[in-house]
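*Asks:* Build me a model:
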Amino acid sequence: MPREFSKLTEAEKQHMVDAIPLITILVAGADGKMDDNELEWAEKVTKIRSYDHASKLNDYYKLVSDHFASRINELVIRLPKETAERTQVISEELAKLNPILHKLDAFDAAIYYKNFRTFAEHVAEASGGLLGFASIGPEERAVIELPMLEVFE
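*Replies:* The predicted model follows:
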């Protein structure tokens, strides 16, 4: 368990763990179709980030990657199927991270915020473009900056 989670309730911890699957679904489904490339790449990124020795968030990503695929499946079943409604529900869920991030010290909050944004960009780049990478569609572009989150720097 990440040490900074000691300040959080169990529900807040779960919300932080769910952030990455929610971001995945938000970005991958922004264009109305979640393709396997985006979901597989998102899972790979969580695994890579769990053992990136330069990252402060290794423990966090280990926690996320342990149940990533099953959590994606659970959330997809529970979330609305229609794109605009799903985007709205996920945006509201992600906005609940703001008070949680405020409970962390400013340095940790900024690290999580920046990681959430870069993760969203990685998911968006997983489909399209040259050899399946480096193309972000307009629907994805609208959500990858995670406008529902306050800026933590």
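*Asks:* contacts and neighbour counts: CA atoms only from here.
*Replies:* Noted.
*Asks:* Quick one: mean pLDDT for stretch 88-107?
*Replies:* Averaging pLDDT along stretch 88-107 gives 97.
*Asks:* for stretch 33-48, same thing?
*Replies:* Here the mean pLDDT over stretch 33-48 is 89, rounded to a whole number.
*Asks:* List of residues touching that stretch?
*Replies:* Stretch 33-48 is contacted by residues 24-25, 28, 61-62, 64-65, 68-69, 119, 122-124, 126-127 when judged by CA atoms under 8 Å, 6 or more residues apart in numbering.
*Asks:* Of these, which belong to helices?
*Replies:* The members of the contacts of stretch 33-48 that map onto helices under DSSP state H are 24-25, 28, 61-62, 64-65, 68-69, 119, 122-124.
*Asks:* which stretches of this structure have low pLDDT?
*Replies:* For the chain, residues meeting the criterion pLDDT under 70 lie at 53-54, 127-134.
*Asks:* Which stretches in it count as helices?
*Replies:* With DSSP H as the criterion, the chain has helices spanning 10-28, 36-50, 58-66, 68-78, 83-95, 97-103, 106-125, 138-143.
*Asks:* CSV please, covering those and showing mean neighbour count and distance to Glu150.
*Replies:* Below are the helices of the chain laid out as CSV (neighbours: other CA atoms under 10 Å; distance: least, CA to CA, whole Å):
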stretch, mean neighbour count, distance to Glu150
helix 10-28, 21, 14
helix 36-50, 19, 23
helix 58-66, 20, 20
helix 68-78, 15, 24
helix 83-95, 17, 8
helix 97-103, 16, 6
helix 106-125, 19, 8
helix 138-143, 16, 14
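*Asks:* Please determine how far the closest residue to Ala124 other than its chain neighbours is located from His122.
*Replies:* Excluding its sequence neighbours, the residue lying closest to Ala124 (CA to CA, 6 or more residues apart in numbering) is Ile136, at 5.6 Å. When distances are taken as CA to CA, to the nearest Å, Ile136 and His122 turn out to be 10 Å apart.
*Asks:* and what of Glu74?
*Replies:* Distance, Glu74 to His122, using CA to CA: 22 Å.
*Asks:* picking that back up, so which of the helices of the chain is nearest Val151?
*Replies:* Of all the helices of the chain, it is helix 106-125 that lies closest to Val151, at 7.3 Å by CA to CA.
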